[in-house]
Each structure stands twice: as C-alpha cells, then as structure tokens.
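Participant: Provided below are the primary sequence and the corresponding predicted coordinates.
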Amino acid sequence: MAKERMEQGRRGRRAGVVKGSGRGGRQSQRSFYFVLGAVALVGAVALIYIATRPPQRPMVTTIDPAANTGEARPHVYGDPNAPVTIAEFADFQCGWCAQFAIVTQPDVKRRIVDAGLANYHFYDFPLPGHANAFPAAHAAACAADQGRFWEMHDQIFMGQNDWAPRRNPKGAFEEYARQIGLDTREWERCYDDQRHQERIQANAAEGMRRGVSSTPTFIIGNRMVSSAVGYDVIRAQVDSARVAQGLAPVGAAPAPTPGGGSR
Amino acid sequence: MTKRMVIALLALVGALVSTYLALFNLGIIGELTCSVGSCQKVQASEWSSFLGLPVAAWGVGFYLATLAVALAGVQPRLEESRRVSLVLAVLTGWGVLFSAWLTYLELFVIREICQWCVASAVIVVGMFILSILDVRENSEPRTEQWTGAGEVTPSESGVSPPPHPRV
C-alpha cells in the first residue's frame, strides 16, 4: 500500500514538473528560448562570416607574363582562342595534384572553361622523387594521341593510390586505357616506345624556366599560384586576368553551357 | 529542459551544419574546413546529390522540419500530445535510415569520411533516441485504473477520478 502511494506520488510529481505549465515550466521555457536564440545567432554569424570572408591566396607571386613557352606542348582543354589561359604544372603522382584534379578541377572546367572564359593548359611536371610520375605522364600522353587525354588524366588521378606504390604501374594504366575505350594495342605501342618522352621533358623544362618548383602550380595571366587551391582562388586569378584585358569577370559572365569543352 | 527542447536544439545545430555543407555545394564557400577525413572529396562525389538536389539541402529541409515540429511540441497546448511524439519519432527515424545509408557510402564506396557528415549522423541518432523516449513517456496510461477492492488510482494528471459507482 505504501509502495503504491509512493508510485502515485512519483507519477504526480513528474506530471506536474516536466509537463506542467507552472512557474518552473515557464522559466524552463524562457531559458530554452534563450539558448535556442543564442545558438541560432552564433551559427548564423559564423556562416555569414565563412561565406563572405575574402578567399585565402596562398603563395601568390607576380611573374613575367611574356614568358616564351618554347617547344613545350601542353594538353589543352577548352577554346584555344579564349582570352585567358590557366596553365597547370602537375605531377600525376603528387597527392595534392590528385586532390585538385578530383575536387576542384571539374568546377573550374565547367564554370570557367566550358563557359569560354578561359582555356586550360596541362603541363607535365614529373617530380624526380616520384618513380611512377613519368610513366603516368606517358600513359596520359599516349591517350592524347587518340583524343582522350582528359579521360585518362581523370582515371590516373582517381586511381593514384592503386598504381603509385607499384613497381611497374603499366597494368593499371592499361586497364584505364581499356575503360575509357582506347585502342589498347596502339596505346601500348606508344607507351612501350616512350614516344612522348621529349614532349614530357619539354613541358617540365618549361615549368623550370618559368620558376615552377612544386606541384601543382598554376600560372594565370601574370600570377603564379603554388598550391592545390580551391575554385575561388582560381576564379579570382582568372577574374583579375580578364579585368586586366578589359573583360567582364567570371561572376558577371553568362552561365556556362554544358559539354562545351574541346581538346 | 524537456526532451523536445533538446531535440529542437539538436535540430538547430544540424540545420547549421547542413547549411554550411549546402553553401559549399552551391559554390558560395570555396573550401570546407575539415580536420578529419576528406570533406571535399565526399561532397564532390556523385553521391552528394539526391533526386537532383544536394544531400546537404535535403538535410537543411529535414532539420528545419524537425525543429518546427519540436518547437510546436514545446507549446503548452501540445506538450502532452502523443501525435507530436509520433511525428518526431517517424521524422528522426527516417533521418537515421538516410544517415546510415550515407555513412555506408562514405565508408565503403567513396572510402573517405567527412567530419561534418559524421556530426550530422550523431545529431540524428541523438534526436531519434530522445524521440523514442518522448513517445514512451507520452504513451504511459493517463486513465483511471481499477486496482480492485473499491480503490481507484489517481489519473496521471493528478486529477481525482470520479467516484466509483457502488453496486
């Protein structure tokens, strides 16, 4: 009997305190709305700050825009006559290059290059410490012979963790060649003959001559950016190069039309 | 603080996290702050959109809906409503399933973890647990119960039951 009374008392108390609308309940509601408002305010301020802060521009230097490109032959994406060129010097075995290629480059291609606001030049810059960087550059150059450089470029970067540690990465590259629909026999002949060795070396030499010392490095107009930067930094440099030529910046340009790229 | 108040607070935090990711997806934020895993790889993957909208945008909608229901549920008129408890449980239960699917994709398909996605999943699970506890609390009988021998227990609300008719 006493136990039952205790149980009844417990139920009644809980009903009164937790769900009640007495003074305790009103106070609890007031403090709840205060905490909720404070969290909303802090969150909103943080989001506004993040969305509007100026983009960080790591390691941006000024260089001579008239630098001669010599015999180097980059792989080109977009309109060859576009007013601005985004030149990337990259190593297929460099992790930051892969991150840029996977995360940022699709945005750059779609929103800047496909819109005809700039074109994209890819220069091989295989670093000496990366044993498979030269073969990878070769694999991509041989795909370029069949008009599929960018597809191979994407496959090689996406599969970097797979082929980079191998003693001989050819098998992985051959598989990519098959996946993107290349004539694998022709691709293999090109790869085995090292047909594009001179081109890759010339592209790397071009980078050295223009002051490139790390990958990825981007040269846009008279700016050099040595870091796997985000889309905003690339866009800002393209903007300044366009404005320097009296053109509208990217933000003010018309929206891109899908599938507008060329090779 | 009641469970629904905590759910509302968690939903607000979740909405802020989702908004952050949605701003990245919309190209308003250039880079994500990510000290664990690779948020940008996950957010740039093909799985980052669902039915034509960024997953993060769905997240914002989900959290705002949960916040609205939880806020309604703390109003004095609805604070004992079992229907609100059930709606919260169904909403957050659906959120748990969706988060489980996204976490599976991160771990086994994309093979990268995004700390903000993990934070969101933890928030959803927390809200779901609280919703279930809320349902249980509001499912306790509030009727008078016949305990035999001419005694009637008081109702849950503390109001005395009507006198038992004597036969």
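Facilitator: Yep, it's here. Numbering: from 1, shown residues only, chains lettered A, B, ... in the order given.
Participant: Tell me where chain B has strands.
Facilitator: B:49-50, B:53-54 (DSSP state E).
Participant: Surely A:Lys109 and A:Tyr120 touch.
Facilitator: Yes. If you go by Cβ atoms under 8 Å, A:Lys109 and A:Tyr120 touch, sitting 6.7 Å apart. C-beta coordinates here come from the backbone N, C-alpha and C atoms, glycine included.
Participant: what's around whatever residue of the stretch 151-263 of chain A ends up closest to chain B, how many residues?
Facilitator: In the stretch 151-263 of chain A, the residue that lies nearest chain B is A:Asp232 (3.2 Å; Cβ to the nearest Cβ). By other Cβ atoms under 10 Å in any protein chain shown, 19 other residues sit near A:Asp232.
Participant: Can you tell me the SS state at A:Ile219?
Facilitator: strand (DSSP: H, G, I helix; E, B strand; the rest coil).
Participant: For A:Val113, see how far away A:Arg210 is.
Facilitator: A:Arg210 sits 21 Å away from A:Val113, going by Cβ to Cβ, to the nearest Å.
Participant: Could you check which of these two is surrounded by more residues?
Facilitator: Comparing A:Arg210 with A:Val113 by other Cβ under 10 Å, the one with more neighbours is A:Val113, at 25 against 20.
Participant: Quick check, pLDDT for that one.
Facilitator: Among the per-residue scores, A:Val113 shows a pLDDT of 94.
Participant: again with A:Gln155
Facilitator: pLDDT, A:Gln155: 96.
Participant: In which helix or strand does A:Cys97 reside?
Facilitator: Using DSSP states H and E, A:Cys97 falls within helix A:95-99.
Participant: count of residues packed around the nearest residue to B:Ala15 once chain neighbours are set aside?
Facilitator: Leaving aside its sequence neighbours, B:Ala15 sits nearest to B:Tyr63 (Cβ to Cβ, 6 or more residues apart in numbering or on different chains; 3.7 Å). B:Tyr63: 26 surrounding residues under other Cβ under 10 Å.
Participant: Ok, B:Gln75 next?
Facilitator: By other Cβ under 10 Å, neighbour count at B:Gln75 equals 13.
Participant: pLDDT at it, what is it?
Facilitator: pLDDT at B:Gln75 comes out at 85.
Participant: Give the phi and psi angles for it, as a check.
Facilitator: phi -70, psi 140 (degrees, to the nearest 10).
Participant: now A:Glu71, what's its secondary structure?
Facilitator: coil.
Participant: Spit out the contact partners of it.
Facilitator: A:Ala202 (Cβ atoms under 8 Å, 6 or more residues apart in numbering or on different chains).
Participant: Chain B versus the nearest residue to A:Met152 once chain neighbours are set aside, what's the distance?
Facilitator: Nearest residue to A:Met152 in three dimensions, chain neighbours excluded: A:Ala143, at 3.4 Å (Cβ to Cβ, 6+ apart). Separation of A:Ala143 from chain B (Cβ to the nearest Cβ, to the nearest Å) stands at 22 Å.
Participant: A:Ala143 belongs to a helix?
Facilitator: Yes. Assessed with three-state DSSP, A:Ala143 lies in a helix.
Participant: which ones are touching it?
Facilitator: So A:Ala143 contacts A:Phe149, A:Glu151, A:Met152, A:His153, A:Ala177, A:Ile180, A:Leu182, A:Trp187 (Cβ under 8 Å, 6+ apart).
Participant: before we move on, back to that, between A:Lys109 and A:Tyr120, which one's more packed in?
Facilitator: Here A:Lys109 and A:Tyr120 are set side by side on neighbour count (other Cβ under 10 Å), and the busier one is A:Tyr120, at 24 against 19.
Participant: Quick check: closest non-adjacent residue to B:Thr19.
Facilitator: Nearest to B:Thr19 is B:Val60, by Cβ to Cβ, 6+ apart, at 5.5 Å.
Participant: Sorry, slip of the keys, the one I care about is B:Ala100.
Facilitator: Using Cβ to Cβ, 6+ apart, the nearest residue to B:Ala100 is B:Ala121, at 7.8 Å.
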